[in-house]
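> what's the 3D shape of this:
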Amino acid sequence: MLAWGFVFLLTIIIHTTDSLSYALRLGGLRARRIGLALTVVGMLLLVSRTSNMAQGPLLGGMVDQAKEAAQLGGTDMRLELYMHGVLLAATVGTMLAILLYPTVVRMSARWIVHLENTGSIPALIRHLMRRNRWKHAGYYIKRPSWSMFTSLISGVIPKRLIILNIAVTAIYTTGVVSALYASFLWPAQGTAMSMSSGLINGVATVLLTLLIDPRLAVLSEKTLRGELPLIRMNSVYGWMIISRLAGTLLAQLLLVPLAIWLGWVMS
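Numbering: from 1, shown residues only. Now for the predicted structure:
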């Protein structure tokens, strides 16, 4: 349970930071410094990747313990339930990001301007660590409101991007978890199963690289050139984070079917 608790916490961190990358990109558009915004996004995603490195061995250890218990005829670890709990943590992390989203959009525009002045990420961190820099932090705090949601549904809804982002998020969220669960269901091919998450995540990578990222880049460039109003990108990124939440919920339904599909492919 202690290991699962750490996995739950790390999964929340991973999905919170990944989801908040949309807020940083929008902040970069507001500051008209999209290149610097992507640098700050990279710093944020470093937190996600580091957490992911710690999460993997813990998840693998849980699966190994479940295999040993099954071989010895011991207590049922309810591994499937634990795996669904990990996916629940992804939903919790995304919901936390939605709560922080308006605040981070406001703050990130200031961070990006400070990065331009300081010249490097370490210098930016030292700059932000000064106590006097946070005395007016309350000004930037903003909670999500119902009016924000009504403005989303009353504007242009990027249906294609929403559907694609739901699919990509669902696949990425459950890819590794399904592969590890497949290694438990087919212990004889356990190593092959646990290494086969790329068969699942490869589809998401193709969709993200070919269809989602280029579209967001085109819309961002048009906004910087004044061809699109900034309020349009507010709506697009708002829908991206909401569709990401829907994707984590869809991942719950894909966990077992994808594990069974991997077992069929690898057997």
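> every contact and neighbour count from this point should use C-alpha atoms.
Noted.
> so which residues of the chain form helices?
Listed in chain order, the helices of the chain (DSSP state H) span residues 2-31, 34-71, 79-118, 121-128, 146-154, 159-185, 190-194, 197-207, 213-224, 230-266.
> elements contacting the second one?
The reference is to helix 34-71. Using 3 or more C-alpha pairs under 8 Å, 6 or more residues apart in numbering; DSSP states H and E, the elements in contact with helix 34-71 are helix 2-31, helix 79-118, helix 159-185.
> any chance of CSV for these, columns mean pLDDT and distance to residue 44?
Shown next, in CSV, are those (pLDDT from 0 to 100; distance: least, C-alpha to C-alpha, whole Å):
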stretch, mean pLDDT, distance to residue 44
helix 2-31, 89, 6
helix 79-118, 88, 11
helix 159-185, 92, 18
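> out of the ones you listed, nearest to residue 192?
helix 159-185 (7.6 Å; C-alpha to C-alpha).
> before we move on, the earlier item: now the helices and strands packed on helix 34-71 in CSV, with distance to residue 66 and mean neighbour count?
Output for the helices and strands packed on helix 34-71, formatted as CSV (distance: least, C-alpha to C-alpha, whole Å; neighbours: other C-alpha atoms under 10 Å):
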stretch, distance to residue 66, mean neighbour count
helix 2-31, 13, 22
helix 79-118, 7, 20
helix 159-185, 7, 23
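> which stretch among those comes nearest residue 58?
Checking those against residue 58 by C-alpha to C-alpha gives helix 2-31 as the closest, at 6.3 Å.
> can you give the distance of that closest one from its chain's centre?
6 Å (C-alpha atoms, centre = their mean, to the nearest Å).
> that helix versus helix 34-71: what angle between them?
Angle, helix 2-31 to helix 34-71, by axes from the mean of the first three to the mean of the last three C-alpha atoms, to 10 degrees: 170 degrees.
> for helix 2-31, packing partners?
helix 34-71, helix 79-118, helix 213-224, helix 230-266.
> for those, which one sits closest to residue 158?
helix 230-266 (6.8 Å).
> distance to residue 5 added to the helices and strands packed on helix 2-31, as CSV?
Below are the helices and strands packed on helix 2-31 laid out as CSV (distance: least, C-alpha to C-alpha, whole Å):
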stretch, distance to residue 5
helix 34-71, 10
helix 79-118, 9
helix 213-224, 33
helix 230-266, 19
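> so which of those helices is nearest residue 155?
So among those, helix 230-266 is nearest, using C-alpha to C-alpha, at 7.3 Å.
> buried residues in that closest one?
Buried residues in helix 230-266, counting neighbours by 16 or more other C-alpha atoms under 10 Å, are found at 230, 232-252, 254-256, 258-260, 262-263.
> again, but for stretch 40-57
Neighbour-count burial for stretch 40-57 [16+ other C-alpha under 10 Å]: 40-41, 44-45, 48, 51-52, 55.
> ignoring the adjacent residues along the chain, who's closest to residue 168?
Counting by C-alpha to C-alpha, 6 or more residues apart in numbering, residue 168 lies nearest to residue 204, which is 4.7 Å off, once chain neighbours are set aside.
> thanks a lot, see you next time.
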